[in-house]
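Asks: With the input below, show me the fold.
(2 chains)
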Amino acid sequence: MSFIPMRAKRTALAAAAAGLLLSTAACGSSDNTSDNADNGDGGTSSGPVTMTLWTNSTTGAGLDFFTNAAAAYHTANPNVTIKVQSVQNEDYDGKLQTALQAGQGSAPDIMYQRGGGKMLAMVQAGQLGEVNVSSDVQSNISAGAMSIYQADGKTYGIPLSITPEGIWYSKDLFKKAGVEIPTTIDQLADAAKKLKAAGTPLAVGGKDGWPAAHWYYMFAVRDCSQDALNKAATSAKFDDDCFLQAGKDLGAFVATNPFESDAFNVAAQGSAASTAGLLANHKVAGELMGAWEPGVVGDLTPNKKPLADLGYFPFPATANGGGDPAAMMQGADGYSCSAWAPKECSDFLNFIASPDQETKYAAAFSTIPANKAAQGSVTDSATKSALEASNNAPYSVLFLDTLFGSTVGGALNTAVVNFMSGQTSDPQSIVDAVNNASDKG
Amino acid sequence: MSDTPQASSALESSLDGNTTVGGGTDSVSPLTAVGRAPRLRTSWRERFEITLLSGPAILVFVAFVIAPVIAAIYYGFYRWKGFGPPTDFIGLHNYKVILSDPEFHRAVLHNFEIVALSLIIQGPLAILLALLLNRKMRGRSIIRVLVFVPWVVSEVIAGTGLSLMLPVNGAINALLTKMQIFGDVHVSWLGPHMGLWTLMAILTWKYLGFAIILLMAGLQNIPEELYEAASIDGASYWQMQRRITLPLLGPTIRIWAFLSIIGALQLFDLPWIVWGEFNVDRDGVSTMATYMAHYGPRTGLYGYGNAVAVVLFVISLIVAVLYQRIVLSRDISGAVTDGKKKKR
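Replies: Sure, this is the predicted structure:
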């Protein structure tokens, strides 16, 4: 529902195994009997502490990163043992919510956190603990990325990676179709036409909903001023006219028929028939995605290696849009501590957010580390361009569905899909869906 | 859900047997004391036996059927996003929104379309195939296996496979194109025009085996002597099927129809997987259950989702009870209906 992160859908096998995958930190300590309850908030750091960590990463490199980090942390702090547990991404939100509802004993101490409205709901329910960010980490993570994990002036998580949005494309296919990098929407529509004529259109994974919704988000970022976006972020209402204008502009763009045929029966990730798979196999020329894209596409290439000619360009500017053409939309992947976690949790988060661990994290997930001191390790050229675009952005906005939380975000995504797939033709329906989302319960 | 009326009535009838009887001695056997024999007092030992035997079933039933229903009713009165305890009591607001939401109306309509079409399409097909497979002939076991395989395959696996085959660029259209009979095929099998019929084809393929298994079991119970007598009297094969098989297969057909109706009302997995949550409504294959999942857990509206679950429960319950009272009454008279009659 929210922006679906990097290690999303792998093989069915991985998904099936995920629930059973419980790998403990490789360490000598056999003292797993110590329950978190014993350690409480005010627990002393001298006694043995066991913490559980939930990640949505189910596969090799990503999972290895956390097991290794837990082991390294244990070596430095022999009294702390961290158990890493992997939960399949699509199951993650539901399982986490259930575990947090059950509270102490069931809730993981350290958890993967998407931030924004989803995190806010947990904060308001008193399920998250405040994180004490070390000054080293604080100074190295941009305020924008950090703000995703803040509520009421307090910090409830630390971002490990940032995922700027843009169009990820095949350089070869663009060249073949004679297409230059577009900087305006008109040029993009023109490029889409040429790409489609060449048999390799732009793609959108409409079946999953959110990939289509991202198109609307980007039109909103281009059409709305920073002020209007900030207002919408706090009120969760689309009061400014620019949100209707974004719908109109999206409608005009969709009317040029830019995407692959039958786009709303195509999923975004996981198989060769998904848009990421089609891009990996040069069947489509590109798609709008966050910076998890190189990793997702790399998994689906015939040789399972990164797509060699993958490129990136920021979303083009709309005509007369009220937003800065360089403004960025992005998400972050981070980690939080539960309200019942021992105080060592904060310390561990600072540890994995350190430049050394962040470098390893970025390599494992082929993504952009949130810690600036580790960003030099990004080598992939497409990811590098995304990082550059992110650094050049005058301001950036969180993915709207994550920002608004699942209720308003879900209503927004549904409305955008209905509009783009032709079920409704009135762009006002998108604005209404957001403004009336709270009607349902 | 289908167990609800039966189980509670069975319970009632056994309680009736216990409470309305009077007098009697301790030497009566438990078999006659329970239910059937009037004017006998049940001993403590018998009561203990009844408790012991029915206890576990009642416990499971209460814990996993009654308690969740009550919990759903409770949560349905709240505006609740699933975080923390529900505090925002909004009375019947959720129900008002559900009952006035055109998207829900469409889902209910689709449910009843699926109920009707399942009965109309699968019923005759299943009867014909069951008759066919009941005859001794070459390759019977292979046909049986072929018919039953789809029913055995998990919905998720079948759905995932079909969702890859059915899109415009999928395997089905590619196969039809390669056959070079229909030209270049670009049929939108999942689209709004074809959606419901594609779903019916999938459901028929998937669940026909189950109907056939039931009917073949019913066929086994028809005494051979009837056919022998009929053939001595010179009845043809079709006359025998019409005059003997179909009437005697009636109870089985009615039970199958009941299960099919309940299954159609609660249909969820195939539309959800093959079409996807954002497509079911547009393509005319949304059901009450997909509506519940989309507006419940998927959008974090747990209170609203619970209210939808209650509406789905009530609709299914009404259909089930009506069917039991009107259609099934003759088959289960004595098992379910007797208890009520005695009471009056």
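
Asks: show me the contacts for the closest residue to B:Gly170 other than its chain neighbours.
Replies: Leaving out its chain neighbours, the residue that sits closest to B:Gly170 by C-beta to C-beta, 6 or more residues apart in numbering or on different chains is B:Leu164, at 6.1 Å. Every C-beta, even on glycine, is put in place using the N, C-alpha and C of the backbone. Neighbour list for B:Leu164: A:271, A:273, B:170-171 [criterion: C-beta atoms under 8 Å, 6 or more residues apart in numbering or on different chains].

Asks: Kindly report the same for A:Lys304.
Replies: Taking C-beta under 8 Å, 6+ apart as the criterion, A:Lys304 is in contact with A:Gly298.

Asks: please redo it, this time with the cut-off set to 6 Å
Replies: If you count contacts by C-beta atoms under 6 Å, 6 or more residues apart in numbering or on different chains, A:Lys304 has none.

Asks: Skip ahead from the helix or strand where B:Leu133 lies and say which helix or strand is next.
Replies: Element membership for B:Leu133 (DSSP states H and E) is helix B:102-134. Once helix B:102-134 ends, the next helix or strand along the chain (criterion: DSSP H and E) is helix B:140-152.

Asks: Show me what counts as buried in whichever helix or strand comes after that following helix.
Replies: Next in sequence after helix B:140-152, counting helices and strands by DSSP H and E, comes helix B:155-165. Using 16 or more other C-beta atoms under 10 Å in any protein chain shown as the test for burial, helix B:155-165 gives B:155, B:158-159, B:162-165.

Asks: How confident was the prediction at A:Gly405?
Replies: As predicted, A:Gly405 sits at a pLDDT of 84.

Asks: for it, helix, strand, or coil?
Replies: Three-state call for A:Gly405 (DSSP: H, G, I helix; E, B strand; the rest coil): helix.

Asks: who in chain A is up against chain B?
Replies: For chain A, the contact set with chain B under C-beta under 6 Å from any C-beta of the partner chain comprises A:1, A:97, A:121, A:125, A:207, A:209, A:261-262, A:264-265, A:273, A:406-407, A:410, A:417, A:421, A:423, A:439-441.

Asks: For residue 125, the count of nearby residues, please.
Replies: If you meant another chain, say so; for now it's chain A. By other C-beta atoms under 10 Å in any protein chain shown, 17 other residues sit near A:Ala125.

Asks: Sorry, I should have been clearer: chain B.
Replies: B:Leu125 sits with 14 neighbouring residues when counted by other C-beta under 10 Å.

Asks: again with the one 5 residues further on
Replies: The tally of other residues near B:Ala130 (other C-beta under 10 Å) stands at 24.

Asks: repeat for the one 5 residues further on
Replies: Other residues within reach of B:Arg135, judged by other C-beta under 10 Å, total 8.

Asks: residue ranges with poor pLDDT in chain A?
Replies: Counting by pLDDT under 70, chain A has low-confidence residues at A:1-46, A:59, A:441.

Asks: how about the residue of the stretch 1-150 of chain A found nearest chain B, what does it touch?
Replies: Going by C-beta to the nearest C-beta, chain B is nearest to A:Ala125 of the stretch 1-150 of chain A, at 3.6 Å. Residues near A:Ala125 by C-beta under 6 Å, 6+ apart: B:83-84.

Asks: The same query, at a cut-off of 8 Å, please.
Replies: Residues near A:Ala125 by C-beta under 8 Å, 6+ apart: A:100, B:83-84.

Asks: measure it to B:Phe83 for me?
Replies: Plainly put, A:Ala125 is 4 Å away from B:Phe83 if you go by C-beta to C-beta, to the nearest Å.

Asks: Give me the common contacts of those two.
Replies: A:Leu100.

Asks: and which of the buried residues of helix B:155-165 is nearest to chain A?
Replies: Set against chain A, the nearest of the buried residues of helix B:155-165 by C-beta to the nearest C-beta is B:Leu164 (5.6 Å).

Asks: Filter the residues of chain A next to chain B down to the ones in strands?
Replies: Secondary structure from DSSP state E places none of the residues of chain A next to chain B in strands.

Asks: Narrow those residues to just the buried residues.
Replies: By neighbour count, with 16+ other C-beta under 10 Å, the residues of chain A next to chain B hold A:1, A:97, A:121, A:125, A:207, A:209, A:262, A:264-265, A:273, A:406-407, A:410, A:417, A:421, A:423, A:440-441 as buried.

Asks: A:Asn413: which element?
Replies: Counting by DSSP H and E, the element that carries A:Asn413 is helix A:400-420.

Asks: Name the residues of whatever helix or strand comes next after that helix that are buried.
Replies: Following helix A:400-420 in sequence order, the next helix or strand is helix A:428-435 (DSSP H and E). Buried residues in helix A:428-435, defined by neighbour count with 16+ other C-beta under 10 Å: A:430-431, A:433-435.

Asks: Mind giving me the packing neighbours of helix A:428-435?
Replies: Using 3 or more C-beta pairs under 8 Å, 6 or more residues apart in numbering or on different chains; DSSP states H and E as the contact criterion, the elements in contact with helix A:428-435 are helix A:242-255, helix A:400-420.

Asks: Report pLDDT for the residue nearest to B:Gly170.
Replies: Looking at B:Leu164, its pLDDT is 90.

Asks: now B:Ile181
Replies: We have a pLDDT of 84 for B:Ile181.

Asks: Ramachandran angles for A:Thr81?
Replies: Main-chain torsions, A:Thr81, degrees, to the nearest 10: phi -120, psi 130.

Asks: so it makes contact with A:Thr50?
Replies: Yes: here A:Thr81 lies in contact with A:Thr50, judged by C-beta atoms under 8 Å, at a distance of 4.8 Å.

Asks: between the contacts of A:Ala125, which has the most around it?
Replies: A:Leu100 (24 neighbours).

Asks: Which element, helix or strand, includes that residue?
Replies: Using DSSP H and E, A:Leu100 falls in helix A:89-102.

Asks: Number of residues surrounding B:Leu219?
Replies: Applying other C-beta under 10 Å, we find 17 residues neighbouring B:Leu219.

Asks: Surely it is in a strand?
Replies: No: under three-state DSSP, B:Leu219 falls outside any strand and is assigned helix.

Asks: What lies in contact with stretch A:412-419?
Replies: Stretch A:412-419 has contacts (C-beta under 8 Å, 6+ apart) with A:1, A:206, A:209-210, A:212-213, A:215-216, A:247, A:250-251, A:264, A:400-401, A:404, A:424-427, A:429-430, A:432-434, A:437, B:278, B:281-282, B:294, B:299.

Asks: what does stretch A:94-110 give?
Replies: Stretch A:94-110 is contacted from outside by A:35-37, A:51-54, A:82, A:85, A:87, A:111-112, A:122, A:125, A:127, A:335-342, A:345, A:348-349, B:82-84, B:297, using C-beta under 8 Å, 6+ apart.

Asks: PyMOL command for the buried members of these?
Replies: Here is the PyMOL command that selects the buried residues among the contacts of stretch A:94-110 (16+ other C-beta under 10 Å):
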select buried, (chain A and resi 36+51+52+53+54+82+85+87+111+112+122+125+127+335+336+337+338+339+340+341+342+345+348+349) or (chain B and resi 82+83+297)
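
Asks: you'd agree A:Thr256 is up against A:Ala191?
Replies: No: counting by C-beta under 8 Å, A:Thr256 stays clear of A:Ala191, with 10.5 Å between them.

Asks: Mind checking which of these two has more residues around it?
Replies: Ranked by neighbour count (other C-beta under 10 Å), A:Thr256 and A:Ala191 place A:Ala191 first, with 24 against 15.

Asks: Export the host helix or strand of the more buried one to CSV, keeping only CA atoms.
Replies: Using DSSP H and E, A:Ala191 sits in helix A:185-197. Extracted C-alpha coordinates of helix A:185-197, given in CSV (Å, rounded to 0.1, in the frame of the first residue of the first chain):
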residue,chain,number,x,y,z
ILE,A,185,6.0,16.8,-19.5
ASP,A,186,5.4,17.6,-23.1
GLN,A,187,8.8,16.2,-24.0
LEU,A,188,8.0,13.2,-21.8
ALA,A,189,4.7,12.6,-23.7
ASP,A,190,6.6,12.9,-27.0
ALA,A,191,9.3,10.5,-25.8
ALA,A,192,6.7,8.1,-24.6
LYS,A,193,5.0,8.1,-28.0
LYS,A,194,8.3,7.4,-29.8
LEU,A,195,9.2,4.7,-27.3
LYS,A,196,5.8,3.0,-27.8
ALA,A,197,6.2,3.1,-31.5
